[in-house]
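>>> Generate a structure from the sequence data that follows.
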Amino acid sequence: MAPFGFPQAQWDRVKEEVREILIAYAQAQLVVSYADLVEEVRTVRFEVRDARLFTILEEISMKEHAAGRGMLSALVICKRNGMSPGAGFLELAARLGRDTRNVELCWIEELKRVCDSWELPLLDPKMIAPQEEERPGEERRARSSWGLPFASVLAAVGNVLGWLMPGIFKNQEIPQESSEEKKDPPVWKEPVLEGGEQKQGLSPVYPLDTAQRVALVAALLQYGKAVEDDPIFTTDPQANTFLLENPFAFLLGVIADQGIPAERAWQFPYELCQRLGHLDPERISKNRATVVAAIKASPALHRYVEKMGNWVVLAALRIWSLHGGRAEGRWNDTPTAAVLQERLCQFPGIGQKKAAMAVEILERHLHVPISRLCGSDIAYDRHIRRVFLRTCLAERDDRDHMIAVARELYPSRPGALDDPAWRVGRQWCHARQPDCGSCLLTSICPKQIDRAKTVGAD
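Below you'll find the model as predicted:
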């Protein structure tokens, strides 16, 4: 009898399935969180913190060690522990004779052993984000693999151990401070359950009828079409041309769009290139100190100097190692919108918001061929959130809810609502003192201003 009362044959099947999943991640040079791993296992249903899973990972790693290969459990990371391996990995590493005095060094050396054991002769970009068939409106599961090309990191960067861990795996958006509206709250019409009882815990919703919803969506789509050939990047023509002609510059602009105005984010790649004298991914990947110094020099190119320096170097490593330095290799194979969004999310510093925005910009403004646009999404951005809340298109300020609303409103291409809603939010629907009189939606918007009072200021 196997552990936990499993018949031996079933236990072996589960263990082999987990091993095959981890080998696939190793061959793609990606790490995987416990939460994502348990979702991929089909033979048995595991919880995230499941003693059975821990035992299986230990047995797999012991067998791999006996065969002269790296511990596959090194690929499994804990999101709540700074994107580091779990305690079980370190305990087993010590038992197997690894030097665990320096946790980060021990882990990175084990990742290198795993990579050396399972590295493919040529890494197929399609392995980075498996193409999954989707239907309009169908909920899709993000892999969230935080896919760092760890072999290339170790091979290319001599001083990586001093800066790679632990914070560099974190990929969280900076929360925006909330603002208080100056206007008195309007009179709400509360949601009511059958029998007249008021439903608790929901944001008050102005009752939009079908005609209003259709009119709002039509106005946004029409506006989006009108500004299709007018991308908002920077006021510098040279910086704009650089973004349009250099795919790696565009990628860095997407990564830089955090904690600073959009125009400064899009200006970032051009100014970085001016300071470095180049924007070559291979050279950037090997010179982190030079990159950070260039960003930090007065006036600083970004609010978050160290974080942005790390993200730029890691993006360069991925583009150089997987695509030979050509960032367009990330999207030049006519990927689906959903697959491209997942590929972009594998860069540290890019989450749902930036990835959704980038997919739309690439297709709409840079004319990159992208298939199955029914899989595109709006970004969970503060400007879009204000518009969706104040127009009452969305019932509450929740990322998944707003994405689902956009999919319902325009299922053939939900992301088409992203750019026009963002522009409306930025130009008229301000956090403080919105300019409703000038807004293009003024005649059809219910103007429920206070519903966005918890959304961050401009």
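>>> in what helix or strand does Leu53 lie?
Using DSSP states H and E, the element containing Leu53 is helix 51-66.
>>> Just the pLDDT at the spatially most central residue of the chain, thanks.
By Cα atoms, centre = their mean, the chain has its centre lying nearest to Gly351, at 2.1 Å. Looking at Gly351, its pLDDT is 91.
>>> what's the answer for Ile260, then?
93.
>>> Make 307 the first number, not 1, from now on.
All right, first residue 307 from here; so that's Ile566.
>>> Check the secondary structure at it for me.
coil (DSSP: H, G, I helix; E, B strand; the rest coil).
>>> and the gap between it and Pro605?
12 Å (Cβ to Cβ, to the nearest Å). Any C-beta I mention is one placed from the backbone N, CA and C, and that applies to glycine too.
>>> would you list every one of the helices in the stretch 307-456 of the chain?
314-333, 340-346, 357-372, 393-401, 409-424, 456-462 (DSSP state H, counting those that start in this stretch).
>>> Of those helices, give the one that comes closest to Trp637.
helix 456-462 (20.0 Å; Cβ to Cβ).
>>> Beyond the closest one, next helix or strand please.
Criterion used, DSSP H and E; the element after helix 456-462 is helix 516-532.
>>> Packing partners of the very next helix or strand once past that next one?
Following helix 516-532 in sequence order, the next helix or strand is helix 543-551 (DSSP H and E). Judged by 3 or more Cβ pairs under 8 Å, 6 or more residues apart in numbering; DSSP states H and E, the packing partners of helix 543-551 are helix 553-562, helix 568-582.
>>> looking at those helices, which is buried most?
Burial of those is given as mean neighbour count (mean count of other Cβ atoms under 10 Å); helix 553-562 ranks first at a mean of 25.
>>> avg pLDDT for it?
Mean predicted confidence for helix 553-562 is 97.
>>> Also stretch 614-622?
So the average pLDDT for stretch 614-622 ends up being 92.
>>> can you tell me how far Phe312 sits from Arg319?
Distance from Phe312 to Arg319, by Cβ to Cβ: 9 Å.
>>> Check Ser604 too.
61 Å.
>>> Mind putting the helices of the stretch 307-456 of the chain into TSV with mean pLDDT?
Putting these into TSV (pLDDT from 0 to 100) gives the following:
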stretch	mean pLDDT
helix 314-333	87
helix 340-346	84
helix 357-372	93
helix 393-401	88
helix 409-424	81
helix 456-462	38
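>>> now stretch 676-695: how far from the chain's centre is it?
Between the centre of stretch 676-695 and the centre of its chain there are 14 Å (Cα atoms, centre = their mean, to the nearest Å).
>>> before we move on, what about stretch 698-706?
20 Å.
>>> cool, and stretch 546-560?
Relative to its chain's centre, stretch 546-560 lies at 19 Å (Cα atoms, centre = their mean).
>>> ok, back up a step: the more surrounded of Ser604 and Arg319?
Arg319 (14 against 4; other Cβ atoms under 10 Å).
>>> How about the contacts made by the more buried one?
Contacts for Arg319 (Cβ atoms under 8 Å, 6 or more residues apart in numbering) come out as Thr349.
>>> Now render the helices and strands packed on helix 543-551 as CSV, adding distance to Gly743.
Formatted as CSV, the helices and strands packed on helix 543-551 follow (distance: least, Cβ to Cβ, whole Å):
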stretch, distance to Gly743
helix 553-562, 33
helix 568-582, 25
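>>> The ones you listed: which one's closest to Leu378?
Short answer: helix 553-562, nearest of the helices and strands packed on helix 543-551 by Cβ to Cβ, at 30.0 Å.
>>> Which other helices and strands does that closest one contact?
helix 543-551, helix 568-582, helix 611-629, helix 658-670.
>>> so which of these gets nearest Trp728?
Taking the helices and strands packed on helix 553-562 one by one with Cβ to Cβ, helix 658-670 is closest: 7.8 Å.
>>> Next, count neighbours for the residue nearest to Gly615 when sequence neighbours are not counted.
Leaving aside its sequence neighbours, Gly615 sits nearest to Val598 (Cβ to Cβ, 6 or more residues apart in numbering; 3.6 Å). The tally of other residues near Val598 (other Cβ under 10 Å) stands at 19.
>>> Equivalent analysis for Lys321, please.
Neighbours of Lys321 (other Cβ under 10 Å): 19.
>>> dump the residue contacts of it.
Counted by Cβ under 8 Å, 6+ apart, Lys321 has contacts Ile362, Glu365, Ile366.
>>> what about the first one, distance to Gly635?
Meaning Ile362. 36 Å.
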